[in-house]
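J.: sequence first, predicted model second:
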Amino acid sequence: MTDAEKTAAAAPPRTSSETPPETRPAPVPLLEPREGIPPVTTTPEALAEVVAAVAAGTGPVALDAERASGYRYGQRAYLIQLRREGSGSHLIDPVACPDLTSLNEAIGDEEWVLHAATQDLPCLRDIGMSPVRLFDTELAGRLAGFPRVGLGAMVENVLGFALEKGHSAVDWSSRPLPEPWLRYAALDVELLVDLRDALEEELAAQGKLEWAQQEFAAIAAAPPAPPRKDPWRRTSGMHKVRRRRQMAVVRELWNARDRIAQRRDVSPGKVLADAAIVEAALAVPVNVQALAALPGFGSRTGRRQLDQWQAAVDRARALPERELPQPGQAQGGPPPPRAWADRDPAAAARLAAARSAVSTLAEELNLPQENLITPDTVRRLCWEPPADPSQASVAAFLTALGARPWQVEHVSPLLSQVLVETGE
């Protein structure tokens, strides 16, 4: 580390309640990993050396994963970064080393430190890595009341360093990876444990450390998310599509695009844009010529491609009425809140009062209201409240929906009061 970096590292961490940004000293640019850019691990022999080094280290393990969102199909990892005291930093190519079970065993039950853990855990589990304990620095920042919780903002505001973030959206499936990308990747885990330690102190000072630990434990214990039902319904611009036949066009085009994208291993958006799918659904073209005239199916689209998209449209056009998709939500649960006033005015009144109460309490606690209690949980409570509006009954309802004890403790009294007052 340079003398300037050592001075900054020795300074007390900055917190959300300290001096305003305009009076803080300029952040120190973090330009190089302290031991240099580590080599990329691509062989079983090199992986065994990394595993041994990590096993010999001490304390929490900082981890990060780089994906190729927008370039490749799916969310697999294309680079793994980790750092541990006494071990240094390591970069691993999970394409060349697709099974990191041995690394997971070397870490054992030691704490993982990640930023926005729920983004990286699925791709890490795919290569044999799953935490027993974790600390999520992004979530910790939210609970501590920081207004900006991106890694760069947190490192700057809490530790006084500036991270270079220019390579966050590059194609990490590229090989070989350029040196500037590798430097960026190594720096992403350089200060994660330092950030973790500072945030732990801040949460403890605010009386929120136990809340955070409950949140982290819930993330670590959560099973993999089930496949999304009717994922085609999430097509951007879907709100414009109102007729069932049009919905069938979206479904057929979405499924055809997904099969092609998976086969080519490219992002679905590179095969056919969501906007083009919606345009075709609204028009329901009867032939290739009509399809080619629509936005998104212009002169650059070859005849073969147009034929496959028109075939999908034709399948939707040929479906009998009974096989057309139904409008509405793909998953169970309450209807969209905008429909509540007409369908159940009493439920709409409960929801408005509950949202207001939760928002007020979240402001008092200095944290985002969605971290105090999820909006979906509030909606479910207000749509089908328990017959008994007592605090104990509401607490049981919230717990059954996955609310953590600290959340139940804070929100069950006020939500019980809302149900009582709006039920009179």
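T.: Cool, got the structure. Numbers count the residues shown, from 1 in each chain.
J.: nearest residue to the middle of the chain?
T.: The residue lying closest to the centre of the chain (C-alpha atoms, centre = their mean) is Q119, at 4.1 Å.
J.: which residues are in contact with the closest residue to A116 other than its chain neighbours?
T.: Nearest residue to A116 in three dimensions, chain neighbours excluded: E138, at 4.4 Å (C-beta to C-beta, 6 or more residues apart in numbering). Every residue, glycine included, has its C-beta placed from N, CA and C. Neighbour list for E138: 115-117, 149-151, 154 [criterion: C-beta atoms under 8 Å, 6 or more residues apart in numbering].
J.: what of L151?
T.: Contact analysis of L151 by C-beta under 8 Å, 6+ apart lists 115, 137-138, 163, 165, 188.
J.: returning to what we had before: distance of the residue nearest to A116 relative to P334?
T.: E138 sits 28 Å away from P334, going by C-beta to C-beta, to the nearest Å.
J.: enumerate every residue touching P386.
T.: 393-394, 396-397.
J.: okay, it and R350: tell me how far apart.
T.: For P386, the distance to R350 - C-beta to C-beta - is 12 Å.
J.: can you map out the strands along the stretch 101-250 of the chain?
T.: Here the stretch 101-250 of the chain has its strands, by DSSP state E, counting those that start in this stretch, at 111-114, 133-136, 161-162.
J.: tell me the strands beside the first one, with direction?
T.: What that stands for is strand 111-114. Looking at strand 111-114 with DSSP bridges, its partner strands are strand 58-67 (parallel), strand 133-136 (parallel).
J.: buried ones in the last one?
T.: Judged by neighbour count (16 or more other C-beta atoms under 10 Å), strand 133-136 contains these buried residues: 134-136.
J.: using the record's domain definitions, break this structure down for me.
T.: 3-221, 232-323, 337-422 (automatic domain parsing).
J.: picking up where we left off before, would you list the strands paired with strand 111-114 in CSV and tack on mean pLDDT and distance to A220?
T.: Formatted as CSV, these follow (pLDDT from 0 to 100; distance: least, C-beta to C-beta, whole Å):
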stretch, mean pLDDT, distance to A220
strand 58-67, 97, 13
strand 133-136, 98, 5
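J.: which among these is found nearest to V95?
T.: strand 58-67 (11.5 Å; C-beta to C-beta).
J.: please point out which parts of that closest one sit buried.
T.: Those would be 60-67, for strand 58-67 by 16+ other C-beta under 10 Å.
J.: make TSV out of the residues you listed and add distance to V313.
T.: Formatted as TSV, these follow (distance: C-beta to C-beta, whole Å):
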residue	distance to V313
P60	53
V61	51
A62	49
L63	45
D64	42
A65	38
E66	37
R67	32
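J.: between the strands paired with strand 111-114, which gets nearest to R404?
T.: The nearest among the strands paired with strand 111-114, by C-beta to C-beta, is strand 133-136 at 13.7 Å.
J.: which of the domains of the chain has the lowest average pLDDT?
T.: Note on the domains of the chain: lowest mean pLDDT is at domain 3-221, with a mean of 91.
J.: run the chain-centre distance for that domain.
T.: Distance of domain 3-221 from its chain centroid, counting by C-alpha atoms, centre = their mean, to the nearest Å, is 15 Å.
J.: could you number the chain from 101 rather than 1 from now on?
T.: All right, first residue 101 from here; so that's domain 103-321.
J.: just checking, what packs against the helix or strand hosting L179?
T.: Of the helices and strands defined by DSSP states H and E, L179 is found in strand 177-185. Judged by 3 or more C-beta pairs under 8 Å, 6 or more residues apart in numbering; DSSP states H and E, the packing partners of strand 177-185 are strand 158-167, strand 188-192, helix 217-225, helix 279-290, helix 292-306.
J.: one more time with 6 Å, if that's ok
T.: Counting contacts by 3 or more C-beta pairs under 6 Å, 6 or more residues apart in numbering; DSSP states H and E, strand 177-185 is packed against strand 158-167, strand 188-192, helix 279-290.
J.: minimum distance to E315: which of these has it?
T.: Checked against C-beta to C-beta, the stretch from those lying closest is strand 158-167, at 16.7 Å.
J.: how far off helix 279-290 does that closest one point, in degrees?
T.: Here the directions of strand 158-167 and helix 279-290 differ by 140 degrees (axes from the mean of the first three to the mean of the last three C-alpha atoms, to 10 degrees).
J.: next, the buried residues of the strand holding L179.
T.: Neighbour-count burial for strand 177-185, with 16+ other C-beta under 10 Å as criterion, is recorded at 177-184.
J.: what lies in contact with that strand?
T.: Strand 177-185 is contacted from outside by 154, 157-159, 161-168, 189-192, 194, 223, 272-273, 285, 288-289, using C-beta atoms under 6 Å, 6 or more residues apart in numbering.
J.: let's see that with 8 Å instead.
T.: 140, 154, 157-168, 172, 189-195, 200, 203, 220, 223-224, 226-227, 272-273, 277, 285-286, 288-290, 292-293.
J.: just the buried residues of these.
T.: Buried members of the contacts of strand 177-185, counted by 16+ other C-beta under 10 Å: 140, 154, 157, 160-168, 172, 189-194, 200, 203, 220, 223-224, 226-227, 272-273, 277, 285-286, 288-290, 292-293.
J.: grab the nearest non-local neighbour of F497.
T.: Nearest to F497 is P486, by C-beta to C-beta, 6+ apart, at 5.3 Å.
J.: host element of the one you found?
T.: Going by DSSP H and E, P486 is not in any helix or strand.
J.: and it, how far is that from L243?
T.: In terms of C-beta to C-beta, P486 sits 28 Å off from L243.
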